[in-house]
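Engineer: sequence below, structure please.
(one chain, ligands or ions: 1)
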Amino acid sequence: MLCRVAENGRYMRRARSSGRAPAHDCPESGRRAHFHCEHVISAPYPHLRAQLRSAPKVWVVTGVAGFIGSNLLQELLALGQTVVGVDNFSTGHRSNLDEVLASPLNGKAQFRMVEGDIRDLETCRAACKGADYVLHHAALGSVPWSMDDPLRTNAVNVDGFVNMLVAAKDAGVKRFVFASSSAVYGDTSDYPQVEERLGRPLSPYAASKTTNETYAVAFQMSYGLQSIGLRYFNVFGRRQDPAGAYAAVIPRWIASLLRGERCRIFGDGETTRDFCHVANVIQANLLAATVNDVNATGQAYNVACAESVTLNQLFQVMRNRLALQEPRFGLELPQYDAFRPGDIRFSCASIEKARRMLSFSPTHSVEQGLEEALGWYVEKAQATAGHPVAAMPRHQPASVVNPPHHSGTPLTLVAS
Ligand SMILES: NC(=O)c1ccc[n+]([C@@H]2O[C@H](COP(=O)([O-])OP(=O)(O)OC[C@H]3O[C@@H](n4cnc5c(N)ncnc54)[C@H](O)[C@@H]3O)[C@@H](O)[C@H]2O)c1
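Structural biologist: As a prediction, the model looks like this:
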């Protein structure tokens, strides 16, 4: 079997023998993607982290109570940064903040919460005042939701986005980094997807993210606000919500398996996705915010692992890993339903541009990320429902989740 190995920021092929999950081709990349890969971090990111530790900055994270936002918060606080969080808790959870804040803060770290809606310009201004960097992640992030309610998606994802651009520009922030999406590739037949070639958007959500990218470039051209869009490809990890009606596939399936219910696969299961652990997303954000080369700004980058995984493969790996703890999971079979309108059939990213321009180098393969995420979900299930599944191996116990304690705003927490 072949496994991609990152060495000095470049992937190499290396022979490997194991009886692990089947590989899947990512044809135009000329590589064979695989679950079992070792990633070696390249030099720039550790260097950047050391720099931030010694000279902390002020960061605005919108959508801070959501899945990606709370992971950004956790990492920035661990690096001793000052974070101003913005959220209206529409899809995010106070418990996500509680979990992050339950860990001991780095000595210099500070956190201030602005509870509010990005559709309100004054909320955006209150957050951006005095900030160095904005990491904009507040949005309605579901394709099916956008098809059910395109007006609300537009109001939050486009009007709210422009509010944040205006607030960031007026506050004089150094860089505006924002969450775009692989959805912008729409019906392109390119495989893997490269940044320069977009298809037609297949959903209002996709249209909103394409519009974000256009607005960001327009603000850079008009006002000199430097921006970078990050096109995420199926991010997963701890704190991704399994409960919502439009939950993403990995947390939804984990929850189904743990409840003893069948996992639903829309289509024949040969749909592919480029799953990306949230640690890689955090890295991309910090690199994008601080990259010195101004030519790297005013553009969008794929953020992924460049590993193409079918839903059938994903199901097998998740089932088999849980079966290591409890054999009954090994008998689980998925339930196949009709294809969902708006879903992209094949998705695999080229990350060469992010490697070249941002020094992006994924540290977590799908395999490593799944192990971490599964462990976290299993422990959550045990903690909240007394679920009998044994804990996953090699996973540190999750922080105790406190009952909500910060309903008022603004909230300022300073590490003691
Ligand atoms: N998770 C993925 O796989 C993925 C893939 C591509 C792009 N993205 C993008 O990344 C970003 C974060 O996604 P996520 O998965 O963490 O989603 P999430 O739903 O967990 O987080 C979004 C957060 O934004 C907040 N929010 C929503 N509307 C708001 C408003 N009007 N004002 C203030 N806050 C508001 C929500 O309460 C939530 O906490 C989104 O922009 C999403 O479109 C995510």
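Engineer: quick one: check stretch 309-325 for contact with the ligand.
Structural biologist: No. Stretch 309-325 stays clear of the ligand (C-beta under 6 Å from any ligand atom), getting no nearer than 13.7 Å. Placement of C-beta: from N, CA and C, glycine included.
Engineer: tell me how far that stretch lies from the chain's centre.
Structural biologist: 21 Å (C-alpha atoms, centre = their mean, to the nearest Å).
Engineer: OK, contacts around the residue nearest to the spatial centre of the chain?
Structural biologist: When C-alpha atoms, centre = their mean is applied to the chain, the residue found nearest the centroid is residue 235 (4.0 Å). Residue 235 makes contact with 67, 68, 248, 275, 276, 277, 278, 281 under the criterion C-beta atoms under 8 Å, 6 or more residues apart in numbering.
Engineer: residue 59 too?
Structural biologist: Counting by C-beta under 8 Å, 6+ apart, residue 59 has contacts 76, 81, 82, 83, 84, 131, 132, 133, 134, 135, 289.
Engineer: what does residue 152 give?
Structural biologist: Here residue 152 is in contact with residue 140 (C-beta under 8 Å, 6+ apart).
Engineer: could you confirm it falls within a helix?
Structural biologist: Yes. Judged by DSSP: H, G, I helix; E, B strand; the rest coil, residue 152 forms part of a helix.
Engineer: residue 206 versus that one, what's the distance?
Structural biologist: 16 Å (C-beta to C-beta, to the nearest Å).
Engineer: how about residue 110?
Structural biologist: For residue 110, the distance to residue 206 - C-beta to C-beta - is 36 Å.
Engineer: neighbour count for these two, which is higher?
Structural biologist: residue 206 (24 against 18; other C-beta atoms under 10 Å).
Engineer: get me the contact residues on the stretch 1-150 of the chain for the ligand.
Structural biologist: So the stretch 1-150 of the chain meets the ligand at 63, 65-69, 86-92, 117-119, 137-141 (C-beta under 6 Å from any ligand atom).
Engineer: inside strands: which ones of the residues you listed?
Structural biologist: Residues of those located in strands (DSSP state E): 86, 87.
Engineer: nearest to residue 163 among the contacts of residue 235?
Structural biologist: The shortest approach to residue 163 among the contacts of residue 235 belongs to residue 68, at 19.7 Å (C-beta to C-beta).
Engineer: mind listing what the closest one touches?
Structural biologist: Each residue near residue 68 by C-beta under 8 Å, 6+ apart is listed here: 137, 179, 232, 235, 278, 281.
Engineer: do the helix or strand harbouring the last one and the ligand come into contact?
Structural biologist: The one in question is residue 281. Assigning secondary structure by DSSP states H and E places residue 281 in helix 278-290. No. Judged by C-beta under 6 Å from any ligand atom, helix 278-290 and the ligand are separated, with a smallest distance of 8.2 Å.
Engineer: ok, then the element right after that helix?
Structural biologist: Counting by DSSP H and E, what follows helix 278-290 is strand 299-303.
Engineer: give the other helices and strands that that next one contacts.
Structural biologist: If contacts are counted by 3 or more C-beta pairs under 8 Å, 6 or more residues apart in numbering; DSSP states H and E, strand 299-303 sits against strand 227-232, helix 278-290, helix 352-358.
Engineer: now stretch 268-282, how far from the centre of its chain.
Structural biologist: Taking mean C-alpha positions (C-alpha atoms, centre = their mean), stretch 268-282 and its chain are 10 Å apart.
Engineer: and it, end to end?
Structural biologist: In stretch 268-282, first residue to last residue: 32 Å (C-alpha to C-alpha, to the nearest Å).
Engineer: again with stretch 354-369
Structural biologist: First-to-last residue span, stretch 354-369, C-alpha to C-alpha: 20 Å.
Engineer: buried set for it?
Structural biologist: 354-355, 357-369 (16 or more other C-beta atoms under 10 Å).
Engineer: output the host helix or strand of residue 214 as CSV - backbone C-alpha positions only.
Structural biologist: Residue 214 is part of helix 204-223, with elements assigned from DSSP H and E. Provided in CSV are the C-alpha atoms of helix 204-223 (Å, rounded to 0.1, in the frame of the first residue of the first chain):
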residue,chain,number,x,y,z
PRO,A,204,-27.8,29.6,-2.1
TYR,A,205,-25.1,28.7,0.4
ALA,A,206,-22.6,28.3,-2.4
ALA,A,207,-23.7,31.6,-3.9
SER,A,208,-23.2,33.4,-0.6
LYS,A,209,-19.7,32.1,-0.2
THR,A,210,-18.8,33.0,-3.8
THR,A,211,-20.2,36.5,-3.2
ASN,A,212,-18.1,36.8,0.0
GLU,A,213,-15.0,36.2,-2.0
THR,A,214,-16.0,38.8,-4.6
TYR,A,215,-16.7,41.4,-1.8
ALA,A,216,-13.4,40.7,-0.1
VAL,A,217,-11.5,41.4,-3.3
ALA,A,218,-13.6,44.5,-3.9
PHE,A,219,-12.7,45.8,-0.4
GLN,A,220,-9.0,45.2,-0.9
MET,A,221,-9.2,47.0,-4.3
SER,A,222,-11.3,49.8,-3.0
TYR,A,223,-10.0,50.4,0.5
